[in-house]
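# Sequence and predicted structure, then a few things I'm wondering about:
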Amino acid sequence: MPELVFFSGTMDCGKSTLALQIGHNRSARGLQGVIFTRDDRAGEGKLSSRLGLVTEAVEADEDMDVYAHLVDHITRGGRADYVIVDEAQFLAPVQIDQLARVVDDLGLDVFAFGITTDFRTKLFPGSQRLIELADRVETLQVEALCWCGARATHNARTVGGEMVVEGAQVVVGDVNQLAGEVGYEVLCRRHHQRRMTSATARAGALSPDVLPVTPG
Ligand SMILES: Nc1ncnc2c1ncn2[C@@H]1O[C@H](COP(=O)(O)OP(=O)(O)O)[C@@H](O)[C@H]1O
Ligand SMILES: Cc1cn([C@H]2C[C@H](O)[C@@H](COP(=O)(O)O)O2)c(=O)[nH]c1=O
């Protein structure tokens, strides 16, 4: 049975790498996929992984009907044996419904990859709809880690290493940005709740100890 599968996790946990691997393994067996993405860091119409691999993809603009695009592709004689969607959190809920229709009406597997929550721990609308509609939600096996060594479960947005909690939901960016730039850092829940990034934890460790207070 064809499935809609949502591979979800934090930033930097290997989602795009897995998307590329799934595509590679299928193309090695003669299958042809259609790859969609939206707002990849590498630019329009790209699916890129931090391991250095990149492939061409169809940019799923906000007003694209993904189902209609695939029907048109097939009608024109194009092949579509399966579908991959990276940065799926950026898709509109209606586009996730279209992906479900691709599974149910066109009989294709759809593998969607995306982060679940934004820098304020709120679900992205696209991810919410995927959780609602997917046949399976899979967590990636390779854990991204918080600076403390615990499994990273949340995404923080940072400016100069300090966590910010206000701003637009969508700001394309990366982890390990230079000081002063807007960037992201993955944290465990405890440190996300306490707004402790690796930079603020380091600064705290370097500050001189407070003198012990002796009862007078
Ligand atoms: N130099 C490296 N050597 C080995 N693995 C790396 C290196 N750089 C990145 N990675 C791996 O790539 C992962 C990020 O992969 P990527 O597919 O770009 O993540 P995502 O799409 O989830 O943001 C990291 O968690 C790490 O496991
Ligand atoms: C947390 C968060 C992330 N983003 C952006 C930053 C990146 O461009 C992508 C995630 O890409 P990755 O391949 O999973 O690393 O999402 C955002 O726009 N808003 C956020 O709150």
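Sure thing, it's come through. Ligands and ions are numbered 1, 2, ... in the order given.
# which outside residues touch the lowest-mean-pLDDT helix or strand in the chain?
Sorting the helices and strands of the chain by mean pLDDT, DSSP states H and E puts helix 198-206 at the bottom, at a mean of 85. For helix 198-206, contacts defined as CB atoms under 8 Å, 6 or more residues apart in numbering pick out 147-148, 158, 160-163, 185, 191, 196. In short, each C-beta sits where N, CA and C put it, glycine included.
# For those, work out which two are farthest apart.
The largest separation in the contacts of helix 198-206, counting by CB to CB, is between C148 and G160 at 20.4 Å.
# rewinding a little: output the least confident helix or strand of the chain as CSV, nothing but the C-alphas.
Taking Å, rounded to 0.1, in the frame of the first residue of the first chain, the C-alpha atoms of helix 198-206 are listed here in CSV:
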residue,chain,number,x,y,z
SER,A,198,26.0,26.9,24.1
ALA,A,199,27.3,30.5,24.0
THR,A,200,25.3,31.6,27.1
ALA,A,201,26.3,28.4,29.0
ARG,A,202,30.0,29.1,28.1
ALA,A,203,29.7,32.7,29.2
GLY,A,204,28.1,31.6,32.5
ALA,A,205,30.9,29.1,33.2
LEU,A,206,33.5,31.7,32.5
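# for that helix, which positions count as buried?
Across helix 198-206, burial judged by 16 or more other CB atoms under 10 Å covers 198-201.
# In TSV: those residues, plus distance to E44.
Output for those, formatted as TSV (distance: CB to CB, whole Å):
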residue	distance to E44
S198	32
A199	32
T200	35
A201	37
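# residue boundaries of the strands in the protein?
According to DSSP state E, the chain carries its strands in the segments 4-9, 33-37, 46-48, 54-56, 58-59, 82-85, 109-115, 136-139, 154-159, 162-164, 182-187.
# Help me see whether the longest one makes contact with ligand 1, please.
This points to strand 109-115. No: counting by CB under 6 Å from any ligand atom, ligand 1 has no neighbours in strand 109-115; the shortest distance is 6.8 Å.
# Next: the fourth one.
No: against ligand 1, strand 54-56 shows no contacts by CB under 6 Å from any ligand atom, the least distance being 10.3 Å.
# Just give the strands next to that strand in its sheet, each with its orientation.
Listed by DSSP bridges, the sheet partners of strand 54-56 and their directions read strand 46-48 (antiparallel).
# ok, residues contacting the strand it pairs with?
Taking CB under 8 Å, 6+ apart as the rule, strand 46-48 contacts 16, 19-20, 35, 37, 40-42, 54-57, 84, 86.
# and those, which two are the farthest apart?
R41 and I84 (17.1 Å).
# The two - which one has more neighbours?
I84 (26 against 12; other CB atoms under 10 Å).
# Which residues are in contact with that one?
Here I84 is in contact with 19, 22-23, 33-36, 47, 57, 110-113 (criterion: CB under 8 Å, 6+ apart).
# mind running it again at 7 Å?
Residues in contact with I84 (CB atoms under 7 Å, 6 or more residues apart in numbering) are 19, 22-23, 33, 35, 111.
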